[in-house]
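Student: missing the sequence, but the structure's below:
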């Protein structure tokens, strides 16, 4: 369909969640914004292939994911180095409260296999149905479900299982993190 | 014949389901410290907190400008007529 005003507004309205998705995938906000920019350019160039009435966010997420994956293949080595160093820095600074826990979560997320991470984010954070997530990732619904489950188990193992006795004292801190605004 | 075929397939599926649910019931207690509801909800909570933190930042100007510049042939002729800088006057922020 042609780029109408309302379609353009809908595309812009999807930008915040596209950025959030891109940052969760790449772990790097500059690179994430480049990904979003490429996604928008590609979407606008192919706007004729968008089916009116179909799920615009899902269409945009599919483009972004494909771009990320082809980009990722090129950059894999560089990224892995960066992640390794990042994880080391985190381990040398224990117990700095809420911020650390947030960073730990992010680091744990980055340790997940890419398939599992994207499935978890799409379903658990972006709020897509399993069906939409499956369409975005080009796989079966059952595959998405099992990826999400494995991602959750692995995150739990990375973050919580060893430190099960840490649960008690932090409840307020966790509540604050959860409710903290921008 | 067709009905029968459907029925027996339905039965097989039902049996498989029962077997599977039995299997998962049996498997569940084996996981030491498996995913309890509290951990599940904590993970979901943190995931959304991280994500929404970015969503709340809204649309950076970079993307609003980009869309405006690429906004179809009408916008392009508008840009040509007005020159590059008038394009920015459209944004009233």
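Tutor: Done, it's in. No experiment lies behind these values; they were computed from the predicted model shown. Numbering: from 1, shown residues only, chains lettered A, B, ... in the order given.
Student: for the residue sitting nearest the centre point of chain A, helix, strand, or coil?
Tutor: For chain A, the residue nearest the mean C-alpha position is residue A:24 (3.2 Å; CA atoms, centre = their mean). Three-state assignment for residue A:24 (DSSP: H, G, I helix; E, B strand; the rest coil): helix.
Student: can you pull the contacts of it?
Tutor: A:109, A:117, A:121, A:125, B:50, B:51 (CB atoms under 8 Å, 6 or more residues apart in numbering or on different chains). The C-beta positions use only the backbone N, C-alpha and C, and glycine is treated the same way.
Student: now the third one. Nearest residue, chain neighbours left out?
Tutor: Same thing as residue A:121. Take residue A:121 and drop its neighbours on the chain: the residue closest to it by CB to CB, 6 or more residues apart in numbering or on different chains is residue A:24, 4.7 Å away.
Student: neighbours of residue 70, how many?
Tutor: Using chain A. Residue A:70 sits with 9 neighbouring residues when counted by other CB atoms under 10 Å in any protein chain shown.
Student: you answered for a different chain; I wanted chain B.
Tutor: Other residues within reach of residue B:70, judged by other CB under 10 Å, total 16.
Student: against residue A:135, how distant is it?
Tutor: Look at residue B:70 and residue A:135: by CB to CB, to the nearest Å, they are 26 Å apart.
Student: where does residue A:124 fall, phi/psi-wise?
Tutor: Per-residue torsions, residue A:124: phi -90, psi -20 (degrees, to the nearest 10).
Student: is it true that it touches residue B:44?
Tutor: Yes. Between residue A:124 and residue B:44 there is a contact at 5.6 Å, judged by CB atoms under 8 Å.
Student: more neighbours: the two, which one.
Tutor: Taking other CB under 10 Å, residue A:124 and residue B:44 do not tie; residue A:124 has more neighbours (22 against 15).
Student: which residues touch that one?
Tutor: For residue A:124, the contact set (CB under 8 Å, 6+ apart) comprises A:148, B:43, B:44, B:47, B:48.
Student: how about residue A:44?
Tutor: By CB under 8 Å, 6+ apart, residue A:44 lies in contact with A:3, A:11, B:67, B:70.
Student: so which of those sit within helices?
Tutor: A:11, B:67 (DSSP state H).
Student: okay, among the contacts of residue A:44, which ones form the most distant pair?
Tutor: Distance extremes for the contacts of residue A:44: the farthest pair is A:11 and B:70 at 10.5 Å, using CB to CB.
Student: in chain A, what helix or strand scores lowest on average pLDDT?
Tutor: helix A:171-179 (a mean of 50; mean pLDDT, DSSP states H and E).
Student: so where's chain B shaky on pLDDT?
Tutor: Within chain B, the set of residues satisfying pLDDT under 70 comprises B:1-35, B:71-93.
Student: who in it is up against chain A?
Tutor: Chain B comes close to chain A at residues B:33-35, B:38-40, B:42-60, B:62-64, B:66-67, B:70-72, as judged by CB under 8 Å from any CB of the partner chain.
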